[in-house]
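In: The sequence and its predicted three-dimensional model are supplied below.
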Protein chains: 2
Amino acid sequence: MSISRHELFDTLAIVARALGNGNRLELLERLAQAEAPVETLASATSLSVGNASQHLQQLRRAGLVTARREGRQMFYRLTDERIILLMGLVREVAESNLAEAERLVSRLFDDPDAEGALEPVSRDALRSALEQGAVTLLDVRPEQEFRVAHLPGAINLPMDRLDQALEVLPRDQEIVAYCRGPYCVLSHEAVQRLRALGLRVRRFQEGLPEWRAAGLPVEHEQPMMGQ
Amino acid sequence: MSISRHELFDTLAIVARALGNGNRLELLERLAQAEAPVETLASATSLSVGNASQHLQQLRRAGLVTARREGRQMFYRLTDERIILLMGLVREVAESNLAEAERLVSRLFDDPDAEGALEPVSRDALRSALEQGAVTLLDVRPEQEFRVAHLPGAINLPMDRLDQALEVLPRDQEIVAYCRGPYCVLSHEAVQRLRALGLRVRRFQEGLPEWRAAGLPVEHEQPMMGQ
DNA sequence: TTCATATTCTATTGATTGGTAGAATATTGA
DNA sequence: TCAATATTCTACCAATCAATAGAATATGAA
């Protein structure tokens, strides 16, 4: 009967162990954005192609990613949106329980957040603010990524066009900026630069992948037909 | 700037790696019930005391458990309720993506679920059924565990008193049985025995720890004072 | 067919992990 | 203080893992 309890936990451990390596977590974080071929994933994580391939095989064996061949390239993608939630939860638990993780997270964005004014906006807080039309939502990812999917009602202003901010963004309303996820540095930088311009900006704590994985709606830009 | 991105993911990997071993997952599952001394944890997982202690040290280093000394015993407990959610997500992802995990899960309870009639009740389904007073909730854990905490309105009928079911439970209303968690076999067995008595019983998919970790209310039996 | 490209496979290395047994430490009670 | 108990520490071996380089495979184009 419960003979195979051990087997069962061993099998669950396969999934956890696949997440137990920094390089693989980084690959997964990149895959949370969009599917990609090995070469792209390797350079995004500064791994050799061979090494990236090995790790991707492990992720595949653990059932976390699937592969699809297109021409001479193999495209990898997450098998399941819940993997994003899983990584988010690992991050939360790590941040609140591992002193070192917390230290790293705050150092990663050499935070000058004097008064907690840079306090990020949580997903729930963002949702209710959006429902009340209380904030302007700003997507600072490259235009190409924005076109594929973005949060409902977001304005796209990529980092290299941030100097146009005063023409596009309201001075009187609070702005919430987001990018690819909690460890994407784009929105951090954007917030600092926009504040220097006198705008009231905060950062969304998460990013597009988490929003989508939570089952919330995203908008797609239709290149040809008017929606 | 993002120099320490790698360091960061490596640190997150520490937490994931701590979950990447069947014995440690089993220890954590036991700890999700209640705190316990090493000896108890060792026998619950059929590990040697020394071995269990080692694994507990690793969990401690990863920030997942804390220890407290009481007399000559060390009591371990989870640092964070979210660890239960984390394990639940690992299980979900494993079940839906790892063919083998699924096979093991269904074999663990040599399921004679002919018509999917044994289909378990999800947390959300249970909540709305309870709100409507549509079900009787049955806790089949030992009385001692029931006293510490149980789901609101639950009736306690431990496995060894299951033959009193017809006196205590309604024949006309659906019954939902639960125990310690998704891998606790008590409720499985209870469902089968109660069905043999002609009662309409289903199993709650999760257990008390998951319910509590989701932030839902639990009841405590006050041994001395009235409510 | 042959060549170039993208990826995976294989073999090897050094580092880390899990299990085990026995020694060492801390606490309680005599 | 001493003995008994609970737990942790240390040392060891076998197994697994991560990284690397080079060979092998698969695809598309010439």
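Out: Right, received. Where do you want to start?
In: For the rest of this, base every contact and every neighbour count on C-alpha atoms.
Out: OK.
In: Do I have it right that residue A:35 meets residue A:75?
Out: Yes - using C-alpha atoms under 8 Å, residue A:35 is in contact with residue A:75, at 6.2 Å.
In: So which bits of chain A are right by DNA strand C?
Out: Contacts of chain A with DNA strand C, taken as C-alpha under 7 Å from any atom of the strand, map to A:37-39, A:49-50, A:53-54, A:56-57, A:67, A:72-75.
In: Among the residues you listed, which lie within strands?
Out: A:37, A:67, A:73, A:74, A:75 (DSSP state E).
In: what residues are up against the first one?
Out: It refers to residue A:37. Taking C-alpha atoms under 8 Å, 6 or more residues apart in numbering or on different chains, we find residue A:37 in contact with A:73, A:74, A:75, A:76.
In: what do you get for the third one?
Out: With contacts taken as C-alpha under 8 Å, 6+ apart, residue A:73 has the following neighbours: A:37, A:38.
In: which SS state does residue A:9 fall under?
Out: helix (DSSP: H, G, I helix; E, B strand; the rest coil).
In: I figured it hits residue B:25, correct?
Out: Yes - using C-alpha under 8 Å, residue A:9 is in contact with residue B:25, at 6.4 Å.
In: just checking, what packs against the longest helix seen in chain A?
Out: Counting by DSSP state H, the longest helix found in chain A is helix A:82-97. Packing partners of helix A:82-97 (3 or more C-alpha pairs under 8 Å, 6 or more residues apart in numbering or on different chains; DSSP states H and E): helix A:22-33, helix A:99-108, helix A:208-213, helix B:5-18, helix B:82-97.
In: Rebuild the ones you listed as CSV, extending it with distance to residue A:174 and mean neighbour count.
Out: Shown next, in CSV, are the helices and strands packed on helix A:82-97 (distance: least, C-alpha to C-alpha, whole Å; neighbours: other C-alpha atoms under 10 Å in any protein chain shown):
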stretch, distance to residue A:174, mean neighbour count
helix A:22-33, 26, 21
helix A:99-108, 24, 16
helix A:208-213, 19, 20
helix B:5-18, 29, 23
helix B:82-97, 32, 20
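In: If you average pLDDT over each of the ones you listed, which is lowest?
Out: Mean pLDDT is lowest for helix A:99-108 among the helices and strands packed on helix A:82-97, at a mean of 64.
In: Output the below-cut-off pLDDT ranges for chain A.
Out: A:1-4, A:100-118, A:222-227 (pLDDT under 70).
In: Can you pull up the most central residue in it?
Out: residue A:181 (2.3 Å; C-alpha atoms, centre = their mean).
In: Which helix or strand contains residue A:181?
Out: Counting by DSSP states H and E, no helix or strand carries residue A:181.
In: scratch that, residue A:77
Out: strand A:73-78.
In: pull the CA atoms of that strand into CSV?
Out: Taking C-alpha atoms only, strand A:73-78 is exported to CSV below (Å, rounded to 0.1, in the frame of the first residue of the first chain):
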residue,chain,number,x,y,z
GLN,A,73,16.8,25.0,-34.6
MET,A,74,15.3,23.5,-31.5
PHE,A,75,12.9,25.8,-29.7
TYR,A,76,12.4,25.2,-26.0
ARG,A,77,9.5,26.3,-23.9
LEU,A,78,8.0,25.8,-20.5
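In: mind listing what's buried in it?
Out: A:74, A:75, A:76, A:77, A:78 (16 or more other C-alpha atoms under 10 Å in any protein chain shown).
In: Likewise for stretch A:65-75?
Out: A:65, A:66, A:67, A:74, A:75.
In: Can I get these in CSV including distance to residue A:150?
Out: Formatted as CSV, the buried residues of stretch A:65-75 follow (distance: C-alpha to C-alpha, whole Å):
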residue, distance to residue A:150
A:65, 23
A:66, 24
A:67, 25
A:74, 26
A:75, 22
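In: Could you point out which of those residues is nearest to chain B?
Out: For the buried residues of stretch A:65-75, the residue nearest chain B by C-alpha to the nearest C-alpha is residue A:65; the value is 9.0 Å.
In: Distance check, the nearest residue to the closest one once chain neighbours are set aside against residue A:27.
Out: Closest residue to residue A:65 apart from its sequence neighbours, by C-alpha to C-alpha, 6 or more residues apart in numbering or on different chains: residue A:78 at 4.4 Å. Relative to residue A:27, residue A:78 is positioned 10 Å away (C-alpha to C-alpha, to the nearest Å).
In: who's residue A:179 bridged to?
Out: Under the criterion DSSP bridges, residue A:179 forms beta bridges with residue A:207.
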